[in-house]
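> Turn this into a model:
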Amino acid sequence: MSRGVFVTGTDTEIGKTHVSCTLLRGLIANDVAAVGMKPVASGARQTATGLRNEDAEALIAAAGFGGAYADVNPYVFADPIAPHLAARENAACISIAQIRAAHARLATGNRFVVVEGVGGWLAPLGDDLMQSDLVRSLDVPVILVVGMRLGCINHAVLTARAIAEDGCRLMGWIANRMDPDMLRFEANIESIRQRIHAPLLGTMDHAEDPAASIRPHALEAAVRMLGNPTYQTPQSG
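I've put the predicted structure just below:
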């Protein structure tokens, strides 16, 4: 198993970057060398040095990474559309081999790599390429970010089921409170806990800006688990 984790979500704009940045800061605060990666990103601005995606930039800032942007974000597209459509419109073919090569460079020196997915778990990367293919190739466990709002139970259970059916390992889930006024918040948490056979690793308040300051020791349980070199993620199924 690679030294890292893949962060996915129940939907797009659900808090994956916020959680990934929090994990990175927590790992580094616990003396674990760590770096973030956004293999594929749709939605970017043009700069003097090329297209730049704000999620990838947030990961770079959270880890204080000074290496090549292209290693953090090998595939970046201007329009905020599904990645397989963006790749098709740009005559690009997303290659797992290229992502693996960038991942290997990031992991140099036994660095822990927090890999943030794009969109939800089933957002395709190509006509015959899914994010599960990338996760299996990297051989990393998955953390699921659940956006806590009306409908979250259905989305969480369906996504956890898809992760297992795709032969990937769900190490746990994180509740991201999208709606601060959500009714029966704790009851929804408990309903998900009863239906997902992976531990709740923490809860977070949603932040529009993933680079914003976070409360101390956020996601401490998840950080401890990730930083433990003897931890073994249970096999799915």
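
> Show me the strands paired with the longest strand along the chain, marking each as parallel or antiparallel.
For the chain, the longest strand by residue count, based on DSSP state E, is strand 170-177. Paired with strand 170-177 in the same sheet, following DSSP bridges, are strand 142-147 (parallel), strand 200-205 (parallel).

> most packed of these?
Neighbour counts (mean count of other Cβ atoms under 10 Å) averaged over each of the strands paired with strand 170-177 peak at strand 142-147, with a mean of 27. The way it works is simple: take the backbone N, C-alpha and C, and place the C-beta from them, glycine included.

> Contacts made by it with the rest, please.
5-11, 14-16, 19, 23, 121, 135, 152, 155-156, 159-160, 163, 168-176, 178, 192, 196, 198, 201, 206, 222 (Cβ atoms under 8 Å, 6 or more residues apart in numbering).

> One more: stretch 192-209?
In contact with stretch 192-209 (Cβ under 8 Å, 6+ apart) are residues 15, 18-19, 22, 143-144, 146-148, 152-153, 156-157, 160, 170-178, 180, 189, 214, 218-222, 225.

> Repeat that for stretch 75-94.
39-44, 46, 50-53, 56, 98-99, 118-119, 123-127, 129.

> I'd like a version of the strands paired with strand 170-177 in CSV, one that adds distance to residue 75 as further columns.
Shown next, in CSV, are the strands paired with strand 170-177 (distance: least, Cβ to Cβ, whole Å):
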stretch, distance to residue 75
strand 142-147, 20
strand 200-205, 27
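
> Quickly, which of the ones you listed bottoms out on average pLDDT?
In terms of mean pLDDT, the lowest-scoring of the strands paired with strand 170-177 is strand 200-205 (a mean of 91).

> just the buried members of the contacts of stretch 75-94?
For the contacts of stretch 75-94, a burial check counting by 16 or more other Cβ atoms under 10 Å picks out 39-44, 51-53, 56, 99, 118-119, 123-126, 129.

> Next step: those residues restricted to helices.
56, 99 (DSSP state H).
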